[in-house]
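Participant: please find the sequence and the predicted model below.
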There are 2 protein chains.
Amino acid sequence: MTVSKESNASAAQLVFAIIDRYEPAVTAELHRALDGKTNPSYTLMRYHFGWEDESGRSIEARKGKLLRPALCLLACEALGGDWQEALPAAAALELLHNFTLIHDDVEDASEQRHGRKTIWSVWGEAQAINTATLLRLSGLGHEPDRVLKSVQMLDAATLLLCEGQHRDLASTNTHRLSTQDYLDMIEGKTAALLATSCGLGAMLGGATEEEVDAMSDFGRCTGLAFQIQDDVLGIWGDAVETGKPASDDLIAGKQSYPVVFGLAHCEGSQRDKLVELLAQETRDESDVAAARTILDDLGVREESERKALEYSDAAIASLDKLGLQTKWRNELARIATFAAQRSA
Amino acid sequence: MTVSKESNASAAQLVFAIIDRYEPAVTAELHRALDGKTNPSYTLMRYHFGWEDESGRSIEARKGKLLRPALCLLACEALGGDWQEALPAAAALELLHNFTLIHDDVEDASEQRHGRKTIWSVWGEAQAINTATLLRLSGLGHEPDRVLKSVQMLDAATLLLCEGQHRDLASTNTHRLSTQDYLDMIEGKTAALLATSCGLGAMLGGATEEEVDAMSDFGRCTGLAFQIQDDVLGIWGDAVETGKPASDDLIAGKQSYPVVFGLAHCEGSQRDKLVELLAQETRDESDVAAARTILDDLGVREESERKALEYSDAAIASLDKLGLQTKWRNELARIATFAAQRSA
């Protein structure tokens, strides 16, 4: 199934409009969490968010996508809550996401600052900042048991993220990964934080436990759709639209749903050839083209797109358990559909 | 002021008897937090605590001192609480302390596991384990606002620990540190976690805010006394008693209260000589003896011992604001006195 570029562009615009609605308030909350402190983790994050240059001077900020905060706040609103009262949770989710993104920066920063011994303190601090940000929920009038539940949910997400990261690294250069192994891995790496974003927002919006579970499941399935489509774009994406070289993931020899599925569904000399191409230290243009031809012959692109849609359909099915107002139901469904069908 | 070896040994025995009273329950709680998980941080901690060998096989455990958990549980009892209900907090404090101790192990473990990229996940996990351990307080019947307050207190302590670590590293090879700078640094590195141990125990024991503050201050002053006496032993300690080479800190060129005080209170050629001795890449036996002679001439040992006692007296003064039962008051006072007067 292919979606025309035009409808794709307008679907993207509609989704970005939803996310952008929350952007100024989320950015202000992130500033509240990070401004005015001089410890390495704080300065590093202000630099990472593009607020400051390397010497700590303010610069015009580039805007990030802030998908996780938006899902959290939208889920809160959808369940009848005041999204402004969920802002500390939205900011904590974005901080956690970014701390996992910038390990190399952290380590480089640490190297400059008296070697490897600072690493624990930078990461310790990072996690402490997340928690401190989240605890500001108390000041916004949430009951202690609700704030405590938020701490528990963010903590569980942190553990899942770390597990996913370990699995990812342990799987590099393994050509025996089943598609289920791969799905388990992206469950932790990508889906867990989107699930928590949605579940946490719902909980703070006053949802029942069943509603929190359904909303978490919506986020989880949206995350899986998002990651599988990301993998499709990493091989078959249009370089102009994605802003990355075509077949970028094949050039890098990266594990992805299409590669794992392809390896699990070919045999004999075709499999030997694919393993050989992927196992090489580097791949030139003709290697990448050969690997892509094998994947194309196996129908892997169609299967991957089908899988992404299966998850976005499951996300919408979870949503439909919730009896939401049409406005909120449609906005959330639009995000899930976009996750599976986007071209960038 | 010098205390005879005999009275010192019996003071130590009395203090260890207090700490050991809680040891089996704390160890069981630590096992509950760490057993049965296979992620790197869990296996690393079981190895670090001496429960498992490098291949994960159970071995006979060496016993750690568990000072922080004991202070937490003693403070809880002293304020009329049930110490068993504070066990998750005691375990979380010990975990936090140990995670800060083993950064080198963490990094070595990470190197073995696909390089530097695991570091964030190991530390992220470490912090998540602390929080998860603490959250078990809910299951022991504490009200949500009390559990939440515990999360806040541990989080604040984590930030102070990280700050202390940054200051420590930033101060290496600086010969212009004032004694106040040094005290600020050990405040974060050592005193903050002892303050939180005592304050958290008191809070969980049902103390008022004023009582929590007084008990925190007791822990803080005890921590400062402990660290300054540690510094004294690092230069003038008996190698047989401390188990470390005599003048170990001078050999290593380590910042410590005596060195900082000495540098701040000498002038002219004596100061030039001391700076030169300490600034060298390495120091031989005669360098160490020369540095020690200068510090002795300046009366630095007496001043340092006086300072340690000043803090243990302040700790006991905080205690006396609390109107504790004599039994608890005396046990806590005994720990503070020992911190300043111990010979090992």
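Facilitator: The structure has been received and is ready for your questions. Numbers count the residues shown, from 1 in each chain, chains lettered A, B, ... in the order given.
Participant: neighbouring contacts of the helix or strand containing A:V288?
Facilitator: Using DSSP states H and E, A:V288 maps to helix A:285-297. The contact list for helix A:285-297 (C-beta atoms under 8 Å, 6 or more residues apart in numbering or on different chains) reads A:235-236, A:247, A:250-251, A:258-259, A:262, A:266, A:270, A:273-274, A:277-278, A:280, A:283, A:301. To be clear about C-beta, it is placed using only N, CA and C from the backbone, and glycine gets the same treatment.
Participant: so which bits of it are buried?
Facilitator: The neighbour-count criterion (16 or more other C-beta atoms under 10 Å in any protein chain shown) identifies A:D287, A:V288, A:A290, A:A291, A:R292, A:I294, A:L295 as the buried residues of helix A:285-297.
Participant: and if you look at stretch A:77-88?
Facilitator: In stretch A:77-88, counting by 16+ other C-beta under 10 Å, buried: A:E77, A:A78, A:L79, A:G81, A:W83, A:E85, A:A86, A:L87, A:P88.
Participant: doesn't the first one fall inside a strand?
Facilitator: No: A:E77: not assigned to a strand; according to DSSP: H, G, I helix; E, B strand; the rest coil it is helix.
Participant: in JSON lines, list the buried residues of helix A:285-297 along with pLDDT.
Facilitator: Below are the buried residues of helix A:285-297 laid out as JSON lines (pLDDT from 0 to 100):
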{"residue": "A:D287", "pLDDT": "93"}
{"residue": "A:V288", "pLDDT": "93"}
{"residue": "A:A290", "pLDDT": "95"}
{"residue": "A:A291", "pLDDT": "94"}
{"residue": "A:R292", "pLDDT": "95"}
{"residue": "A:I294", "pLDDT": "96"}
{"residue": "A:L295", "pLDDT": "96"}
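Participant: in JSON lines: the residues you listed, plus distance to A:L159.
Facilitator: Shown next, in JSON lines, are those (distance: C-beta to C-beta, whole Å):
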{"residue": "A:D287", "distance to A:L159": "38"}
{"residue": "A:V288", "distance to A:L159": "37"}
{"residue": "A:A290", "distance to A:L159": "40"}
{"residue": "A:A291", "distance to A:L159": "35"}
{"residue": "A:R292", "distance to A:L159": "37"}
{"residue": "A:I294", "distance to A:L159": "37"}
{"residue": "A:L295", "distance to A:L159": "34"}
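Participant: quick check: the two most widely separated of those residues?
Facilitator: Greatest spatial distance among these (C-beta to C-beta): A:D287 and A:L295, at 12.8 Å.
Participant: now do stretch A:79-91: distance to the chain's middle.
Facilitator: Taking C-alpha atoms, centre = their mean, to the nearest Å, one finds the center of stretch A:79-91 at 19 Å from the center of the full chain.
Participant: and it, anywhere near chain B?
Facilitator: No: Stretch A:79-91 stays clear of chain B (C-beta under 8 Å from any C-beta of the partner chain), getting no nearer than 13.2 Å.
Participant: quick one on the thing from earlier: between the buried residues of stretch A:77-88, which is closest to chain B?
Facilitator: Checking these against chain B with C-beta to the nearest C-beta, the nearest one is A:P88 at 13.2 Å.
Participant: in a helix, the closest one, correct?
Facilitator: Yes: under three-state DSSP, A:P88 sits within a helix.
Participant: could you find the closest non-adjacent residue to it?
Facilitator: Once flanking residues are discounted, A:P88 sits nearest to A:R136: 4.0 Å by C-beta to C-beta, 6 or more residues apart in numbering or on different chains.
Participant: now do A:E94
Facilitator: A:P69 (5.0 Å).
Participant: mind listing what that neighbour touches?
Facilitator: By C-beta under 8 Å, 6+ apart, A:P69 lies in contact with A:Y22, A:V26, A:A90, A:A91, A:L93, A:E94, A:S197.
Participant: how about 7 Å then?
Facilitator: A:P69 makes contact with A:Y22, A:V26, A:A90, A:A91, A:L93, A:E94, according to C-beta atoms under 7 Å, 6 or more residues apart in numbering or on different chains.
Participant: burial of the residue nearest to A:P88, as a residue count?
Facilitator: 18 (other C-beta atoms under 10 Å in any protein chain shown).
Participant: A strand includes it, no?
Facilitator: No: the assignment for A:R136, made by three-state DSSP, is helix rather than a strand.
Participant: surely it meets A:A89?
Facilitator: No: judged on C-beta atoms under 7 Å, A:R136 makes no contact with A:A89 at a distance of 9.1 Å.
Participant: from the chain's centroid, how far away is stretch A:143-159?
Facilitator: 19 Å.
Participant: next one: stretch A:129-148
Facilitator: Here stretch A:129-148 is found 23 Å from its chain centre; the criterion is C-alpha atoms, centre = their mean.
Participant: contact partners of that stretch?
Facilitator: Applying C-beta under 7 Å, 6+ apart, the contact partners of stretch A:129-148 are A:33, A:41, A:85, A:88-89, A:91-92, A:95-96, A:150-151, A:154, A:203-204, B:131, B:138, B:144-145, B:147-148, B:151-152, B:155.
Participant: 8 Å - rerun?
Facilitator: Outside stretch A:129-148, the residues that touch it by C-beta under 8 Å, 6+ apart are A:29, A:32-34, A:41-42, A:45, A:84-89, A:91-92, A:95-96, A:99, A:150-151, A:154, A:158, A:203-204, B:131, B:135, B:138, B:143-145, B:147-148, B:151-152, B:155-156, B:159.
Participant: what pLDDT, on average, does that stretch get?
Facilitator: Stretch A:129-148 comes out with an average pLDDT of 93.
Participant: now do stretch A:153-162
Facilitator: Averaged over stretch A:153-162, pLDDT sits at 90.
Participant: can you give me the strands for the stretch 201-344 of chain A?
Facilitator: Remark: no strands are assigned in the stretch 201-344 of chain A by DSSP state E, counting those that start in this stretch.
Participant: where does pLDDT dip in the stretch 151-300 of chain A?
Facilitator: Residues of the stretch 151-300 of chain A that meet the criterion pLDDT under 70 lie in A:169-174.
Participant: all helices for it, in order.
Facilitator: Shown for the stretch 151-300 of chain A, the helices assigned by DSSP state H, counting those that start in this stretch span residues A:179-186, A:192-204, A:209-236, A:239-242, A:248-252, A:257-264, A:268-279, A:285-297, A:300-320.
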